[in-house]
Each structure stands twice: as structure tokens, then as C-alpha cells.
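>>> Kindly return the folded structure for what I paste below:
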Amino acid sequence: MKAFIKQWVVFVPLLLMVTVLFDSHIVKPDEFGNLLTGESTYGDLPFHMGQIAQMAYGHLYPPQYPLYAQAPLVYPYFINLLSVFWAWAGLSLRNSILMPGIFFSALMMVTLYLFNQRVSRNRQASVLAVYLFFLNGGLGFYYFFKDVVLPGHLFDFLSHPSPFADYSHLFIENIQWCNFLTRILVPERSVLLGIPMGVFILYLLFLRKRKPDRPLDKSLFSAAILAGLLPLSHTHTFLVLAFLIPFLAIFEIKRDGWRGWLWRWFVFGSVVLVIALPQLGLILSHLGDSSTFVRFHLGWMSKPGFWQLGLFWWKNSGLLIPLTVLALIFGKLPSFLKKLVAFSLIILVAVNLYLFQPFDWDNIKFLFWFSIFADLAIAFWLTQLWQKGNVLRRFLIAIVLFTLVASSIISFYREIQIKHWLFSAEDVRLGSWVRNNTPQDAIFLTGFTHNSFVSNLAGRRILMGYQGSLWVHGIKYGEREKDVKEIYSGDGQTLSLLKKYSISYVLVGPSERQDLKANIDYFLRNFYLVCESENYQIFAVPAYLQ
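Modelled structure (predicted):
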């Protein structure tokens, strides 16, 4: 028991940081019944809540896009499906997101540590690599000292950090590679499944001992099943492994022989494809009907020019890339780790040559895997230098480690202090009313908001939500946007458009009145007012128009 505690207690601080973030960010109620979130989750959390509520309360599976009714959901939603099971078991919507989030975050730490340990055979390096991955950050700390500390604003930041920028994601300096813990782990929920699955697949295929005369074993089939589930668990991990696994498999030809090697990987690929093809078909059908996803583009999000490219990566990653190259050359890395680091550099090159989705920033999801392998190489090398070093060398190593994690500590402190109002108490009451008093397959007409109590709290479909979210996912919304405006205007096309989209209810609230100039008199004259609150009115559309 003592050995177990000694092995894992080192991760308690990191787990506490994760728990604080999830608790403060997942629709935490205040004393007035409003639901609050943090800055990093304000945009993405409603999208995930919409998926979960749609399946848990609307009983719609496969799910549709929460902000665009009748469009299939091609986002990797399996982590949210797990939250649905928790909701069906009786947990609140908040706890059905919170509990799996903390659990899979802990699982990510465990799988990364065990993977690192098996690759490096160095416990200190394995632990350090996990911390470097979660607490990554570029040179934002430099700008923090320049903008906040030196001018004498540190007390202002500590007492009220909201007006200050997130220095791990500093737009004014084009620092885009933000901290994983504060800006990715909670809002980008698919990584909670994708990274542990990817790490475990690599372990099963390449690190677990097997007999050379048995190319097929349980580990191979287990890895194939997990890999087959990756497209809708974490698409970016699936794409990374689609190239990494063949790259690593090439080095096994000599051990297995040509025939055994071909048979082993033919069986693996066949099982993966059988499971993955339906998911890939859904994804590819969406790509063919949306804006361009894969396109050539130099430098990811840097400004044009070689100098600007170098400056961009220096600001975004600091010493990470130089240290990775130095560790590869001088670090005496284990053979398998050298291969992983070499592949990680290929990922870095690919990110600098192509954009793989409409939203440029989403290339960051490939950099997670660069970071996993690079951090282990750096941790392995620095641990060696530390063990052999004198006081001066250890002091320099401490400075290097400080530069790698300082921005994340600043970001974490700021993130846990900031609260955003996501849903009012009125929204919560109306969400409950909609859930209990409207058919599960009802479609609501609402304004172009990203946080709708109809979708996020009641699990009912909305015709169209926030345009920015739709663009990020490559959905062409122009015609529907025009039609929504026509309906709210109450002109001659309103009735035919309601029938076209099978609208069941029309919501009129602050957004609809202010942004869409909703014709209230028209709806009062022609439709049934079935629910009214201080700020909202819900109108039922007659059955003959649905």
C-alpha cells in the first residue's frame, strides 16, 4: 500500500487542479439559481450540453447537430454518449459531465505515466513528462512580467484578473498554442477519450511483450477495436495513429518476418476498417458537402515570412522545439522513444504545411501528440542531466523547466477566478418547462445564440443557432439563416417556411426581439402562447403547419 501511495501521490496536485477546473466550469449554480461557467468553456460547453441533453432527454440517437436541426452530428461525440448513460442513471446534467470529466482526466494521467514509464524506464522522467504535457505554455509569462508585473499591476491581477488577458493564449502577440489544462481539457471534451485510447493502443501494439511466433494475439484485437472506435471518439487521434502505427510497424518486419508481419497488420487493419468505416463514411459525407477542410497553408497561424514563422513558434512554444531536437541528438534516448520523437517532428512539419479544418486554430489538436512525445524526450534528457549535474547545472535546468510551465500557472490562476453567466435562473425554469411539456421530437425556432435553454437544458432541437459555431464545423447555413429571419418578420412566407422545416414551437426572447426584430403582434394573433415568463414567450405552431 505504501508503495502504491508513493507511486501515485505525486499526481495529487495535478488532479486537484483538474478537479477545481471542472467544478468551477461545469454549469455551477450560484445562490440565485443561475448557472455559471468559466472563460474557456463559455463557447464550447453549451455545444456539448446540447449533445448530451438531446440524447438523454430527447432520446434522439444517432444525435443531430445541436445548433442545426436535421443535420447529422459528425463531431466525435462518444465521450458525451458516456455522459448520457450517467444522466439516465439519475445524475444531473452537471454531474453527468463533471464526473466523467474528472475520471477520464485522471485516466489520462495514469495512461500517460505508465506509457512513459514503459518507453523510458525512468520514473522521474515519466512523472515530469506528464506535468510538462498538462502545464505546457509558450512565452506568455514574459509578456505577463512585461505588461503586469513591471508596471506594478500584479496586485490588480491577483485581486481581479478578469480584465487581464490569458497569457497562455495571448491573441495580441499571436500566441495560439494555449495551455492544455486550462484551455483544452475541460472545453474540448473529446480529448478525454482520445488521448487515453491512443496511448493504450500504442502500448498494446508495440510495448506489450508477445511471442515472435504469434503475430495474432488478444492485444492486437483489443487495439484494433479501440482504434476502430477512434473516429467518433477523437478524430485527430485517429488520423495521427493512421500514420504513426504504419511508421512504427515498419521497424518490426525483421522480427516477425514478411509473412507474419503482413498477416498481423492485415488482420489489424481489417478489424479497424470494419468498425471505423461507418463512422468514416459519416465524416466523409459531411466533408464532401461542406467548405474546404484540408488545404495547403504555410506556417499554421503565423504571419507570412520566414522570420515571422520562427518568431511565431518561439512565442508559442519557447524552448520546447529546440529542446526536443537537442534531446533527440544528445539525449541517448531509448530506441522506441527516438522513433516517437522523429514522428512528432513530422507532425510539426505537417501542421506547418496544411490546415485540416475550416477553423485554422483546430490544428492544435495534432500538436497534442507532438507534445506527448516531445515532453517525454525532454524530461528523459533533463533528468539525466540533473542526476549527473552540479548545483549550477541543476539551477539552469530549473530555469528551463520554469520557462516551460510558467505561463500555465498564470493561466490557471486567472481561469479559476473568472465566472461567466451561462444560464439565468429564468432560463433554468424554462428549460425544465420545455423538457416536461413538449414532445421529445419537437423542433424550436430560436435566435442565433450558442447557449439556448431549449437545446442545452431541455434537449429539444433548434432550427439554427450561432453562425460562428456552424462555420467552424463546415456547415453551410446561408439559406436557413435567411429563412429564420423571414419567419420572425411575420411576412407572407412565414407559414410556408414553418411547414418546410416542421417547426413545432417559436421562441421569442431578448435575442429574437433585438437581433431578429421579431414581429410579436403577428405571433400573438396567429399562434398559441403556451408559456410566458418575464423575458420569454413560447408559441406553439398549429399541427397542420408541422
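
>>> Where do the strands of the stretch 201-350 of the chain begin and end?
295-296 (DSSP state E, counting those that start in this stretch).

>>> quick one: the helices in it?
Along the stretch 201-350 of the chain, the segments classed as helices by DSSP state H, counting those that start in this stretch run 218-228, 235-249, 253-287, 306-317, 320-330, 335-353.

>>> How far off centre is the fourth one?
This points to helix 306-317. 24 Å (CA atoms, centre = their mean, to the nearest Å).

>>> contacts for it?
138-139, 173-177, 298-303, 321, 352 (CB atoms under 8 Å, 6 or more residues apart in numbering). Heads up, the C-betas are built off the backbone N, CA and C, glycines and all.

>>> Narrow these to just the buried residues.
By neighbour count, with 16 or more other CB atoms under 10 Å, the contacts of helix 306-317 hold G138, L139, E173, I175, Q176, W177, G299, W300, M301, S302, I321, N352 as buried.

>>> residues contacting the third one?
Taking CB under 8 Å, 6+ apart as the contact definition, E173 lies against G140, Y143, K315.

>>> try it again with 6 Å
Y143, K315 (CB atoms under 6 Å, 6 or more residues apart in numbering).

>>> From N316, how far off is it?
Distance, E173 to N316, using CB to CB, to the nearest Å: 9 Å.

>>> Please apply the same query to the last one.
Here the distance between N352 and N316 works out to 12 Å (CB to CB).

>>> List the buried residues of stretch 128-143.
Quick answer for stretch 128-143 (16+ other CB under 10 Å): 128-143.

>>> Same check on stretch 431-449?
Buried-residue list, stretch 431-449, by 16+ other CB under 10 Å: 431, 433-435, 438, 442-449.

>>> Could I get the CA-only coordinates of it as PDB?
Only the C-alpha atoms of stretch 431-449 are listed here, as PDB (Å, rounded to 0.1, in the frame of the first residue of the first chain):
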ATOM      1  CA  GLY A 431     -35.700  24.600 -19.700                       C
ATOM      2  CA  SER A 432     -37.400  22.400 -17.200                       C
ATOM      3  CA  TRP A 433     -40.800  23.500 -18.600                       C
ATOM      4  CA  VAL A 434     -39.800  22.700 -22.200                       C
ATOM      5  CA  ARG A 435     -38.400  19.300 -21.200                       C
ATOM      6  CA  ASN A 436     -41.600  18.400 -19.300                       C
ATOM      7  CA  ASN A 437     -44.300  19.900 -21.600                       C
ATOM      8  CA  THR A 438     -43.100  19.500 -25.200                       C
ATOM      9  CA  PRO A 439     -42.700  16.400 -27.400                       C
ATOM     10  CA  GLN A 440     -39.200  14.900 -27.500                       C
ATOM     11  CA  ASP A 441     -39.000  15.300 -31.200                       C
ATOM     12  CA  ALA A 442     -40.100  18.900 -31.300                       C
ATOM     13  CA  ILE A 443     -38.100  21.500 -33.300                       C
ATOM     14  CA  PHE A 444     -37.900  25.000 -31.900                       C
ATOM     15  CA  LEU A 445     -37.300  28.200 -33.800                       C
ATOM     16  CA  THR A 446     -34.900  30.400 -31.800                       C
ATOM     17  CA  GLY A 447     -32.400  33.200 -32.400                       C
ATOM     18  CA  PHE A 448     -28.800  32.700 -33.400                       C
ATOM     19  CA  THR A 449     -27.400  32.000 -29.900                       C
END
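
>>> For it, give the mean pLDDT please.
The average pLDDT for stretch 431-449 rounds to 97.

>>> what's the answer for stretch 208-227, then?
87.

>>> which residues sit against that stretch?
Here stretch 208-227 makes contact (CB under 6 Å, 6+ apart) with 197, 201, 204-205, 255-256, 260, 263-264, 267-268, 271-272.

>>> again, but for stretch 417-424
N34, L35, L36, T37, G38, E39, Y42, P161, S162, N451, F453.

>>> Span of it from start to end?
Its first and final residues considered, stretch 417-424 spans 20 Å by CA to CA, to the nearest Å.

>>> Figure out how far it is from the centre of its chain.
In terms of CA atoms, centre = their mean, the centre of stretch 417-424 is found 20 Å from the chain centre.

>>> try stretch 202-218
31 Å.

>>> again, but for stretch 341-361
That offset, for stretch 341-361, works out to 17 Å (CA atoms, centre = their mean).

>>> For the buried residues of stretch 431-449, give me a markdown table that also has secondary structure.
Formatted as a markdown table, the buried residues of stretch 431-449 follow (DSSP: H, G, I helix; E, B strand; the rest coil):
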| residue | secondary structure |
| --- | --- |
| G431 | helix |
| W433 | helix |
| V434 | helix |
| R435 | helix |
| T438 | coil |
| A442 | coil |
| I443 | strand |
| F444 | strand |
| L445 | strand |
| T446 | coil |
| G447 | coil |
| F448 | coil |
| T449 | coil |
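
>>> With distance to F247 as extra columns, can I get the residues you listed in a markdown table?
Formatted as a markdown table, the buried residues of stretch 431-449 follow (distance: CB to CB, whole Å):
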| residue | distance to F247 |
| --- | --- |
| G431 | 48 |
| W433 | 55 |
| V434 | 50 |
| R435 | 49 |
| T438 | 52 |
| A442 | 49 |
| I443 | 46 |
| F444 | 48 |
| L445 | 50 |
| T446 | 47 |
| G447 | 48 |
| F448 | 44 |
| T449 | 44 |
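
>>> Just give me the closest of those to L333.
T449 (50.1 Å; CB to CB).

>>> There's contact between the closest one and S511 in this structure, I believe.
Yes - with contact defined as CB atoms under 6 Å, T449 reaches S511; the gap is 5.4 Å.

>>> Now list whatever residues contact both of those two.
What both T449 and S511 touch, as defined by CB under 6 Å, 6+ apart, is an empty set.

>>> Tell me the buried residues in stretch 399-406?
In stretch 399-406, counting by 16+ other CB under 10 Å, buried: L401, T403, L404, V405, A406.

>>> tell me the mean pLDDT for it?
Mean predicted confidence for stretch 399-406 is 98.

>>> Start at 56, not 1
Happy to do that; since the first residue is 56 now, the last one works out to stretch 454-461.

>>> Alpha carbons of that stretch, in PDB - could you do that?
Output in PDB follows, covering the C-alpha atoms of stretch 454-461 (Å, rounded to 0.1, in the frame of the first residue of the first chain):
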ATOM      1  CA  ILE A 454      15.100  27.800 -15.100                       C
ATOM      2  CA  VAL A 455      14.400  25.800 -18.200                       C
ATOM      3  CA  LEU A 456      11.600  24.000 -16.600                       C
ATOM      4  CA  PHE A 457      10.200  27.300 -15.200                       C
ATOM      5  CA  THR A 458      10.000  28.700 -18.800                       C
ATOM      6  CA  LEU A 459       8.100  25.600 -19.900                       C
ATOM      7  CA  VAL A 460       5.400  25.800 -17.300                       C
ATOM      8  CA  ALA A 461       5.200  29.400 -16.000                       C
END
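
>>> just checking, what packs against whatever helix or strand I250 lives in?
Per DSSP states H and E: I250 is located in helix 246-257. With contacts taken as 3 or more CB pairs under 6 Å, 6 or more residues apart in numbering; DSSP states H and E, helix 246-257 sits against helix 133-143, helix 148-175, helix 273-283, helix 290-304.

>>> Please could you give me each C-alpha atom of it, formatted as CSV?
Taking Å, rounded to 0.1, in the frame of the first residue of the first chain, the C-alpha atoms of helix 246-257 are listed here in CSV:
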residue,chain,number,x,y,z
VAL,A,246,-9.6,14.6,-25.8
LEU,A,247,-10.7,12.9,-22.6
LEU,A,248,-11.3,9.7,-24.5
GLY,A,249,-8.9,10.2,-27.5
ILE,A,250,-5.6,10.6,-25.7
PRO,A,251,-6.0,7.6,-23.2
MET,A,252,-7.3,5.4,-26.1
GLY,A,253,-4.4,6.4,-28.3
VAL,A,254,-1.8,5.8,-25.7
PHE,A,255,-3.3,2.4,-24.7
ILE,A,256,-3.4,1.4,-28.4
LEU,A,257,0.3,2.1,-28.8
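
>>> who touches it?
So helix 246-257 is contacted by 133-134, 159, 162-163, 166, 170, 278, 281-282, 288-289, 292, 296 (CB under 6 Å, 6+ apart).

>>> Alright, I will stop here.
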